[in-house]
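**Student:** would you be able to build a 3D model of this:
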Amino acid sequence: MRAWYERNTGNRRTICYNNLWHSSHVYNLVRSGRKQPYKPLTACAVLFFMKEKTPEDYMRLALSEAKKARDIDEVPVGAIIVHQGKIIARAHNLREKNQQASAHAELLAIQKASKKLGTWCLNECDLYVTLEPCMMCSGAISLSRIHHLYYGTDDPKGGAVISRMDLKTIPHIGAYPRAITGGILKEDCAYILSDFFREKREKTKRKKNTGTTDIPEPANDEHASCM
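**Tutor:** So this is what the prediction gives:
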């Protein structure tokens, strides 16, 4: 995408490029009617391309992880961990694939982040997860000292951040995360879970109607206590 325009300025022609990444060196950009290089334009362009992501942007990436889980018939929960504005870990539920009760998105993401940074202490990291963490994951989030927890939709049956218990009221354990923000892209995060369990119920019903019952009855989707 190289948008440009040419403009005659007296006896010379000025070519202005909107795409500053076109070359390994910075072009001599000249402001209309003036001969000195207009360096602030370069800085503005860099700031534009380095625009800071919002919590919603990061949660969309966590949702993309949840979709990966759904594609392999896992409960669609996804998580990412951000350190100093950079994503250092991505994960989604793998309980069925790994046959491990602890293979939740949050725990897998924490393991990856610790390996990446070479430390168990993630006090400069933020965690984004599509579903309110369970008791196990809330404990791991606290003990790994995640700075800020962002989650999408509540888990009324098994959520251990606010729904079934209030994590911040527990002495010592509740010291971390320092901040908790829920409801980020809540509708999108809730929909992928509800739709997953709806399909599970319909599949089970079809199996019963044909006389085969090799698929276990799915949990009521609210939101599954889910994992």
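**Student:** per-residue confidence at E52?
**Tutor:** According to the prediction, E52 has pLDDT 85.
**Student:** how close does it sit to E65?
**Tutor:** 21 Å (C-beta to C-beta, to the nearest Å). For the C-beta atoms, the positions are set from N, CA and C on the backbone; glycine is no exception.
**Student:** quick one, which of the two is more surrounded?
**Tutor:** Higher neighbour count among E52 and E65: E65, with 23 against 7, using other C-beta atoms under 10 Å.
**Student:** spit out the contact partners of that one.
**Tutor:** By C-beta atoms under 8 Å, 6 or more residues apart in numbering, the contact set of E65 is 78-80, 90-92, 105, 130.
**Student:** can I get those residues in a markdown table with pLDDT and secondary structure?
**Tutor:** What follows is the contacts of E65, written out as a markdown table (pLDDT from 0 to 100; DSSP: H, G, I helix; E, B strand; the rest coil):
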| residue | pLDDT | secondary structure |
| --- | --- | --- |
| G78 | 98 | strand |
| A79 | 98 | strand |
| I80 | 98 | strand |
| R90 | 98 | strand |
| A91 | 98 | strand |
| H92 | 98 | strand |
| A105 | 98 | helix |
| T130 | 98 | strand |
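**Student:** which pair of these spans the longest distance?
**Tutor:** Farthest pair in the contacts of E65 (C-beta to C-beta) is R90 and T130. Separation: 12.2 Å.
**Student:** and the two? Which one has more around it.
**Tutor:** A count of neighbours by other C-beta under 10 Å puts T130 above the other of R90 and T130, at 33 against 20.
**Student:** any idea which residue sits dead centre in this structure?
**Tutor:** Closest to where the C-alpha atoms of the chain average out (C-alpha atoms, centre = their mean) is A62, at 2.9 Å.
**Student:** who does the lengthiest helix in the chain touch, helix- and strand-wise?
**Tutor:** Counting residues, the longest helix in the chain under DSSP state H turns out to be helix 186-209. Packing partners of helix 186-209 (3 or more C-beta pairs under 8 Å, 6 or more residues apart in numbering; DSSP states H and E): helix 55-71, strand 125-131, strand 148-153.
**Student:** for L185, which of those is the nearest?
**Tutor:** Nearest to L185, of all these, is helix 55-71, at 4.6 Å by C-beta to C-beta.
**Student:** returning to that earlier point: adding distance to D166, write the contacts of E65 out as CSV.
**Tutor:** Listed next are the contacts of E65 as CSV, based on distance: C-beta to C-beta, whole Å:
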residue, distance to D166
G78, 24
A79, 21
I80, 25
R90, 28
A91, 26
H92, 27
A105, 22
T130, 21
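**Student:** filter those residues to the buried ones?
**Tutor:** For the contacts of E65, a burial check counting by 16 or more other C-beta atoms under 10 Å picks out 78-80, 90-92, 105, 130.
**Student:** name the helix or strand for I110, please.
**Tutor:** Taking DSSP states H and E as the criterion, I110 maps to helix 105-117.
**Student:** worst-scoring helix or strand of the chain, pLDDT-wise?
**Tutor:** The helix or strand of the chain with the lowest confidence, counting by mean pLDDT, DSSP states H and E, is strand 12-17 at a mean of 36.
**Student:** point out where this protein drops to low pLDDT.
**Tutor:** Along the chain, segments meeting pLDDT under 70 span 1-50, 211-227.
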